[in-house]
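Visitor: coordinates only, sequence not included:
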């Protein structure tokens, strides 16, 4: 009996780490991980959570046992530390959200880049870096594989460069004479099959006034 309770206690200590890793995977775009990578990451989260929460409960297991004086040999009373379980669960959710926010906003690596420790970002590709850093009330002009040009406001964009897709609001085709042809409806969804060659990010202040004088790249 005690061995099985110890195993359950260890499982309950490890479970918040896996919960934290799962939350981060759902909220942030991550590089592809092997199963071993996922397990190691979850174990590291569990270690951080236990170091943070453990001192509050004297590093006790969330599930314990003791034998009452009146109990027969081999009979144990299982004791669940609900406050510790609730604390681990709450900390796992908060840590998972914070870690995902850090990945999405590149906070830690941005600081490390400033002090010259690394040149890397937390995102998966330059595609993702560009759209997360630049897009925000920005009009883009997209040249497709067949040399057609379309412009509009970026509303959605894919996270993965392998699925380079964009949804543009207020979309307009731009013909060879640089005339704009509005696209009726909410906008246009550019799929990978359209073959995006490149995307030009237009200056918001000059979009309406100067774009008419900008020739489409062919």
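Guide: Received the coordinates, thanks. Please read all numbers here as calculations on a predicted model, not as lab measurements. Numbers count the residues shown, from 1 in each chain.
Visitor: Show me the contact partners of stretch 95-105.
Guide: By C-beta atoms under 8 Å, 6 or more residues apart in numbering, the residues outside stretch 95-105 that reach it are 19-24, 26-30, 45, 48-49, 107-108, 122-123, 132. Yep, even glycine has a C-beta here, placed from its N, CA and C like the rest.
Visitor: Give me the buried subset of those residues.
Guide: Among the contacts of stretch 95-105, the ones that count as buried by 16 or more other C-beta atoms under 10 Å are 19-21, 23-24, 28-30, 45, 48-49, 122-123, 132.
Visitor: residues near the spatially closest residue to residue 29 that is not a sequence neighbour, how many?
Guide: Leaving aside its chain neighbours, residue 29 sits nearest to residue 159 (4.2 Å; criterion: C-beta to C-beta, 6 or more residues apart in numbering). When neighbours are defined as other C-beta atoms under 10 Å, residue 159 has 17 of them.
Visitor: The residue sitting nearest the centre point of the chain and residue 104, how far apart?
Guide: Among the residues of the chain, the one closest to the centroid is residue 28, at 0.7 Å (C-alpha atoms, centre = their mean). Distance from residue 28 to residue 104, counting by C-beta to C-beta, to the nearest Å: 5 Å.
Visitor: same check, this time on residue 50
Guide: Going from residue 50 to residue 104 by C-beta to C-beta gives 26 Å.
Visitor: So for these two, which residue has more residues nearby?
Guide: Neighbour totals were compared for residue 50 and residue 104, and residue 50 leads with 18 against 15 (other C-beta under 10 Å).
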